[in-house]
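Q: Okay, predicted coordinates and the sequence, questions at the end:
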Amino acid sequence: MSDSKAALVTGSTSGIGLGIATALAKAGMNVTLNGLGDAAEIEKTRAALEREAGVTVRYDGANLMQAEACAGLVEAAVGAFGRLDVLVNNAGIQFVSPIEDFPVEKYNAIIALNLSSAFHTISAAMRGMKERKYGRIINIASAHGHVASPFKSAYVAAKHGIIGLTKTVALEGATFNVRCNAISPGYVLTSLVEGQIPDTMKARGMTREQVINDVLLAAQPTKEFVKVEQVAGLALFLTTPAADEINGAALNIDGGWTAQ
């Protein structure tokens with residue numbers, strides 16, 4: 001077993017999750033990837049990151065909609081590396097609809113993946129982290145964990161919930177050198193954001209350009225999308241000794257959105 005730290009990042013086959021996994025791997029951590037996608041593309045991504053970072057990178061396709069699979073994902077990561085030092089809960093989905101038309105199955109899926117999966121992975125990881133007297137848990141929340149937007153009832157509820165979960169876990173782990181924090185990005189131009197543009201166009205009767213400028217970036221005073229690398233850099237910082245006394249925080253990286 002390696003003496004290197006080990007990290008698990010959910011939803012890390014693309015977007016923010018892959019950016020965070022890449023940053024952690026390049027900092028010398030062995031990494032477990034998790035997420036959806038084409039099997040051949042995932043293997044290509046895994047192998048490339050392993051080669052570039054010079055660490056061990058493994059993939060686990062656990063279905064995070066199921067509590068048992070979340071626990072199994074953590075157990076497999078610990079089994080592979082002998083430890084789990086960093087857990088990043090990033091997996092998420094989105095759906096945009098007026099609440100009166102919001103399909104209940106979509107609501108249940110968003111809560112399950114965006115909120116409940118984090119509860120289950122943390123629950124599975126916490127005992128070992130306490131025993132080893134070390135753990136860094138990072139939950140990817142959102143500006144929507146602080147403020148709301150119309151037509152996103154399930155997502156906003158889940159992201160508010162993840163911040164509450166973060167605070168509770170931070171208190172429970174405080175005397176065991178287990179830190180739990182959330183990162184709240186504004187709009188990052190990932191596949192998740194790209195995917196909601198057509199729905200928002202339909203819901204608001206707008207063009208793509210209007211959605212980007214008048215909806216997505218309207219609330220961000222910088223009028224720029226947050227970059228994946230910026231979120232990844234903040235996540236990496238939270239694993240360093242300089243961040244040891246940051247605990248239970250929800251750190252905004254949103255161009256000033258929630259300052260308003």
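A: It's in. Numbering: from 1, shown residues only.
Q: what are the pairing partners of the strand ranked longest in the chain, and which direction each?
A: Ordering each strand of the chain by length in residues (DSSP state E) puts strand 178-185 first. The strands beside strand 178-185 in its sheet (DSSP bridges) come out as strand 135-140 (parallel), strand 250-253 (parallel).
Q: and of these, who's closest to residue 38?
A: Nearest to residue 38 among the strands paired with strand 178-185 is strand 135-140; the distance by Cβ to Cβ comes to 23.0 Å. (C-beta placed from N, C-alpha, C; glycine too.)
Q: Could you chop the chain up by domain?
A: Annotated domains of the chain cover 6-186+227-252, 187-225 [automatic domain parsing].
Q: tell me what the longest helix belonging to the chain is packed against?
A: When the chain is scanned for its longest helix (criterion: DSSP state H), the result is helix 153-173. With contacts defined as 3 or more Cβ pairs under 8 Å, 6 or more residues apart in numbering; DSSP states H and E, the packing partners of helix 153-173 are helix 104-111, helix 117-132, strand 135-140, strand 178-185.
Q: Just the buried residues of the helix or strand following the longest strand of the chain, please?
A: With elements assigned by DSSP states H and E, the helix or strand that comes after strand 178-185 is helix 191-204. By neighbour count on 16 or more other Cβ atoms under 10 Å, the buried set for helix 191-204 is 192-193, 196-197, 200-201, 203.
Q: and the angle for the longest strand of the chain with helix 117-132?
A: Using axes from the mean of the first three to the mean of the last three Cα atoms, to 10 degrees, the direction of strand 178-185 lies 150 degrees away from that of helix 117-132.
Q: could you give the mean pLDDT of strand 178-185?
A: Averaging pLDDT along strand 178-185 gives 99.
Q: Grab the CA positions of it and hand them over as CSV.
A: Extracted in CSV, the C-alpha atoms of strand 178-185 (Å, rounded to 0.1, in the frame of the first residue of the first chain):
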residue,chain,number,x,y,z
VAL,A,178,-11.7,15.8,10.2
ARG,A,179,-12.7,19.0,8.3
CYS,A,180,-15.8,19.4,6.2
ASN,A,181,-16.4,22.4,3.9
ALA,A,182,-18.5,23.3,0.9
ILE,A,183,-17.6,25.1,-2.2
SER,A,184,-20.4,27.2,-3.8
PRO,A,185,-19.6,27.9,-7.4
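Q: ok, back up a step: deepest of the domains of the chain, which one?
A: Each of these was assessed for mean neighbour count using mean count of other Cβ atoms under 10 Å. The highest is domain 6-186+227-252, with a mean of 20.
Q: what separates that one from the chain centre, distance-wise?
A: Remark: domain 6-186+227-252 is offset 4 Å from the chain centroid, using Cα atoms, centre = their mean, to the nearest Å.
Q: just to revisit the earlier point, and the longest helix of the chain with strand 178-185, angle?
A: In terms of direction (the same axes, to 10 degrees), helix 153-173 departs from strand 178-185 by 150 degrees.
Q: Alpha carbons only: can I get helix 153-173 in CSV?
A: Output of helix 153-173 as CSV, limited to C-alpha atoms (Å, rounded to 0.1, in the frame of the first residue of the first chain):
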residue,chain,number,x,y,z
SER,A,153,-37.0,24.0,-6.8
ALA,A,154,-35.3,20.5,-6.4
TYR,A,155,-31.8,21.7,-7.1
VAL,A,156,-32.0,24.7,-4.8
ALA,A,157,-33.4,22.6,-2.0
ALA,A,158,-30.7,20.0,-2.5
LYS,A,159,-27.9,22.6,-2.5
HIS,A,160,-29.3,24.4,0.6
GLY,A,161,-29.3,21.0,2.2
ILE,A,162,-25.7,20.2,1.3
ILE,A,163,-24.6,23.3,3.1
GLY,A,164,-26.5,22.3,6.2
LEU,A,165,-25.0,18.8,6.0
THR,A,166,-21.6,20.3,5.7
LYS,A,167,-22.0,22.3,8.9
THR,A,168,-23.2,19.3,10.9
VAL,A,169,-20.4,17.1,9.7
ALA,A,170,-17.9,19.8,10.4
LEU,A,171,-19.0,19.9,14.0
GLU,A,172,-18.9,16.2,14.4
GLY,A,173,-15.4,15.8,13.0
